[in-house]
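K.L.:
output the structure for:
(one chain, ligands or ions: 1)
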Amino acid sequence: MELAPEKPRVLLGVTGGIAAFKAAELASLLVQQGAEVRVVMSEAARRFVGPLTFAALTGHPVPGDWFDAQQEAAIGHIELARWAQVVVVAPATANFIAKAAVGLADELLCALLLATTAPVVIAPAMNPQMFAHFTVAENLARLRARGVRVAGPAQGRTACGEEGPGRMLEAAAVAEAVWRLLSPQDLAGVNLLVTAGPTREHLDPVRYISNPSTGRMGIEIARAALRRGAKVCLVLGPSHLEPPAQVEAVRVTSAEDMAREVLARAPQQQVIIKAAAVSDFRPADRQPQKVKKSGPAGACTLEATPDILAALGKKKKGQVLVGFAAETEQVLKHAAAKLKAKNLDLIVANDVSAADAGFAVATNRVHFLTPEGEVESLPLMSKLEVAQRLLDRVVRLLGNAS
Ligand code: C5P
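P.N.:
Take a look at the predicted model:
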């Protein structure tokens, strides 16, 4: 029997600001994303959100205060500090930042910070005036110099009604910072471009040819690459999904737009992954006005769209080029032919006729094919896991390329 891999262990510290409610969302998100989460709260944080909320979300009781003898006997602060693979403090108040900067240990969370060797990320949240104060800046600089990552704050309107940097980053962005600390940095500094989503080829301003792609596979590749330290550009066709905030997202509509944006950026990229389901055909004539129902139906003549991947394959010099093949029959045969025809280093083939793989679902079942004729067939897994396995291969290919 295969043992399930151990879950990454995240210690979430919550301090007393109005943004503490976002910490509940963060705890929930981290658990959903597969982490084991333990929460430690400051005294002040308990006035904003109850420990029971975090206990319910994480499945673990929240330890009492520093002087809780029972708690110390059950799971001491040193044990918790050793347990953590990453410590995240969100929200981090000005008070907490000051205490951490000087190394105070007057409450459990501060003591844990001194006792842990795990990487630490903090998400400051406070009034913009407070954030602008040089003491806060100085304290943050001290923490940064010690290797603490500072995520945010975001710009915008704070609960006190002022504008400026001070808002806690959204929970999803803080979670990404945590996953980054848990991931190998084997794509650090690598320029990686991903395409995702469908394209739309308009017949007239209101009608178009497209396909059911949602962009999820490419977005998960972008997310996984970011976590591993890559500089990611995502060229995204029409999609309702939100790309991770830290990618350079370029929105496009048609295959022609996608070709222009990708080819302009291609020379700077070390890796290009074309997960987009680009329309192969488009109407030969696009009508400038809506075609009237009352008029003759007429035939629609189609023409081929530019094959972006084939163009990249022709120009390729030392780049790692990965394509996707969405097939409904003879999946491996057709994918192998595309791999060769488009001069790729790897192709990811999937049968889009299956209900649990391909378009518009969170899971995928794929095969990796290499120019050497190797075929690796993966079981059904989440698109994020497919992305991680794909990037393992990309890292190996980059090693080969250099
Ligand atoms: O459409 P086809 O099956 O050939 O798509 C295979 C691969 O080629 C995919 O990676 C897709 O993103 C890419 N492609 C492209 N430009 C097109 C059509 C497909 O880059 N016009």
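K.L.:
residues of the stretch 301-402 of the chain that sit close to the ligand?
P.N.:
Within the stretch 301-402 of the chain, the positions adjacent to the ligand are 305-309, 323-325, 338 by CB under 6 Å from any ligand atom. (Each C-beta comes from the backbone N, C-alpha and C, glycine too.)
K.L.:
please repeat the previous calculation with a cut-off of 5 Å.
P.N.:
Applying CB under 5 Å from any ligand atom, we find that the stretch 301-402 of the chain lies next to the ligand at 305, 307-309, 323-324.
K.L.:
do the chain as well
P.N.:
274, 276, 278, 280, 305, 307-309, 323-324.
K.L.:
now those as a markdown table including pLDDT?
P.N.:
Formatted as a markdown table, these follow (pLDDT from 0 to 100):
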| residue | pLDDT |
| --- | --- |
| 274 | 98 |
| 276 | 97 |
| 278 | 97 |
| 280 | 94 |
| 305 | 96 |
| 307 | 96 |
| 308 | 97 |
| 309 | 96 |
| 323 | 97 |
| 324 | 97 |
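K.L.:
hmm, which of those residues are the buried ones?
P.N.:
When the residues of the chain next to the ligand are checked for burial by 16 or more other CB atoms under 10 Å, the buried set is 274, 276, 278, 305, 307-309, 323-324.
K.L.:
just those residues now: which is nearest residue 290?
P.N.:
Using CB to CB, the shortest approach to residue 290 within these belongs to residue 305, at 22.5 Å.
K.L.:
from what I see, that closest one and residue 257 are in contact.
P.N.:
No: assessed by CB atoms under 8 Å, residue 305 is found out of contact with residue 257, at 10.5 Å.
K.L.:
now intersect the residues of the stretch 301-402 of the chain next to the ligand with the helices, please.
P.N.:
Mapping these onto helices (DSSP state H) picks out 308-309.
K.L.:
of the residues of the stretch 301-402 of the chain next to the ligand, just say which sits nearest to residue 34.
P.N.:
Of all these, residue 34 sits closest to residue 324, with 24.7 Å by CB to CB.
K.L.:
surely that closest one meets residue 272?
P.N.:
No: the pair residue 324 / residue 272 is not scored as a contact, 11.9 Å apart, by CB under 8 Å.
K.L.:
that older thread, quickly name whichever of the residues of the stretch 301-402 of the chain next to the ligand is closest to residue 50.
P.N.:
Nearest to residue 50 among those: residue 324, at 46.6 Å, using CB to CB.
K.L.:
nearest residue to residue 89 in space, please, no chain neighbours.
P.N.:
Excluding the flanking residues, the one nearest residue 89 by CB to CB, 6 or more residues apart in numbering is residue 13, at 3.9 Å.
K.L.:
the one you found bridge partners, please.
P.N.:
Beta bridges link residue 13 to residue 40, residue 89, judged by DSSP bridges.
K.L.:
surely residue 254 and residue 201 touch.
P.N.:
Yes: counting by CB under 8 Å, residue 201 is a contact partner of residue 254 at 5.7 Å.
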